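> give me a model of this one.
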Amino acid sequence: MTDPLFALERDPAVLGPGAVHIPGWMDRRRQEFLLRACADWAAVRPPRTVVLPGGGRMSVRTTMLGRRWSPYRYDDDEPVPPLPDWLVRAARSALEAASTVDHRVATDAGRPLAPEDYTPDAALVNLYGRGSTMGLHQDKDEASGAPVVSLSLGDSCTFRFGTPEHRGRPYEDVRLESGDLVVFGGPSRLSFHGVPKVFDATAPGWCAEVLGGTPGRVNITLRVTGRPTVEA
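You can find the predicted model right below:
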């Protein structure tokens, strides 16, 4: 099942029980393909600044695939681009790669999850401009315990990964670069995580060529909502 377009260049690391970082998982061709797809999705549904229920505004801009997300729920009151089958297949390949590093990642509510049975139905595409950050948070709006697959493109960042218990220490800071993969599931599925810093202008030069401008950081996270579709 492993896709030959994905290549390992640095050593994988376990960030927590069931949380895996695989540097350089995507080669340049796959990254270019994803960046172009992100541009297409943004043309259909322009990225927006998310307003939190308390009135705060996130510094990243977000577009969605498959299911619309609004803090802190999924709904279908507004159309979003569909989640393409090829991206689902890529997520399955990601889970397979991560499970060879730590088998605990491939579980759902404590039950083993075969990569071919992993079927995300939603994705968030977060665009980090200059000065954008993401506070420590849990991905807990899903009714499913299936893993989250995270793909990084463009500028490098500091990714902070903690525990499910609280936002404070202990946590680990790792540098994510364009092409990196993070998958977290099992005991780490609800771990707090965030991006305290993005390193501007660190994207490979060809990223700007693909998009015709400075890309910033692009992060795609795929997840299984486990929630029924709301009928129109």
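> from residue 192, how far out is the nearest residue to residue 153 once chain neighbours are set aside?
Of all residues not flanking residue 153 in the chain, residue 218 sits nearest, at 4.1 Å (Cβ to Cβ, 6 or more residues apart in numbering). For the C-beta atoms, the positions are set from N, CA and C on the backbone; glycine is no exception. According to Cβ to Cβ, to the nearest Å, residue 218 and residue 192 sit 22 Å apart.
> the two: which is more packed in?
Set residue 218 next to residue 192 and count neighbours by other Cβ atoms under 10 Å: residue 218 wins out with 25 against 19.
> what sits against the more buried one?
By Cβ atoms under 8 Å, 6 or more residues apart in numbering, the contact set of residue 218 is 34, 35, 38, 125, 126, 127, 128, 152, 153, 154.
> helix or strand for it, which one?
Secondary structure assignment for residue 218, by DSSP states H and E: strand 217-223.
> mean confidence for that strand?
The average pLDDT for strand 217-223 rounds to 97.
> then that strand to CSV, C-alphas only?
Below are the C-alpha coordinates for strand 217-223, written out as CSV (Å, rounded to 0.1, in the frame of the first residue of the first chain):
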residue,chain,number,x,y,z
ARG,A,217,2.7,27.6,5.9
VAL,A,218,-0.1,25.3,4.8
ASN,A,219,-1.3,22.5,7.0
ILE,A,220,-3.9,19.8,6.0
THR,A,221,-5.4,17.7,8.8
LEU,A,222,-7.7,14.8,8.0
ARG,A,223,-10.0,13.3,10.6
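> tell me how far that strand is from the chain's mean position?
Offset of strand 217-223 from its chain centre (Cα atoms, centre = their mean, to the nearest Å): 3 Å.
> sorry, back to before: roughly how far apart are the residue nearest to residue 153 and residue 166?
According to Cβ to Cβ, residue 218 and residue 166 sit 29 Å apart.
> which is the next helix or strand following the top strand by length along the chain?
Under DSSP state E, the strand in the chain containing the largest number of residues is strand 57-65. Downstream of strand 57-65, the next assigned helix or strand under DSSP H and E is strand 68-70.
> so what touches that next one?
50, 62, 74, 75, 76, 77, 78, 79, 80, 122, 124, 141.
> again, 10 Å this time
Strand 68-70 is contacted from outside by 45, 50-53, 62, 64, 74-80, 122-124, 141-142, 223, 225, 230, using Cβ atoms under 10 Å, 6 or more residues apart in numbering.
> of those residues, buried ones?
Among those, those classed as buried by 16 or more other Cβ atoms under 10 Å are 45, 50, 62, 64, 74, 80, 122-124, 141-142, 223, 225.
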